[in-house]
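A.B. asks: based on what follows, work out the 3D shape:
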Amino acid sequence: MTHSTLCADFEHAQDRPTLLTVAVAWVKKANCVYRQRLALKSMSPSQLDDIGLSYDAAQQEASRPFWDLP
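C.D. replies: Have a look, this model is predicted:
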């Protein structure tokens with residue numbers, strides 16, 4: 001098998017999502033949302049007002065568990 005054949009097989013395999021690729025994508029998204037929620041938790045009321053969120057709404061979003069993705 002040549003290098004180009006191996007690469008072609010690998011690229012073709014990427015067209016079909018596997019359980020592993022779906023799981024990795026979910027973990028990446030959950031991590032991103034978790035970091036965003038931490039940032040919301042640390043913002044001041046004036047910063048929250050700048051982005052159009054109330055303090056209560058930001059605290060409610062920040063308190064959601066990491067697996068509760070939008």
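A.B. asks: what does V22 show for phi and psi?
C.D. replies: V22 has phi and psi values of phi -70, psi -40 when expressed as degrees, to the nearest 10.
A.B. asks: F66 too?
C.D. replies: Reported as degrees, to the nearest 10, the phi and psi values for F66 are phi -60, psi -30.
A.B. asks: so the closest residue to it other than its chain neighbours is in which element?
C.D. replies: Nearest residue to F66 in three dimensions, chain neighbours excluded: Y34, at 4.6 Å (CB to CB, 6 or more residues apart in numbering). Any C-beta I mention is one placed from the backbone N, CA and C, and that applies to glycine too. Element membership of Y34, judged by DSSP states H and E, is helix 19-42.
A.B. asks: I would like the residues contacting that helix, please.
C.D. replies: With CB atoms under 8 Å, 6 or more residues apart in numbering as the test, helix 19-42 has contacts from Q14, L48, L53, A58, Q59, E61, A62, R64, F66, W67, L69, P70.
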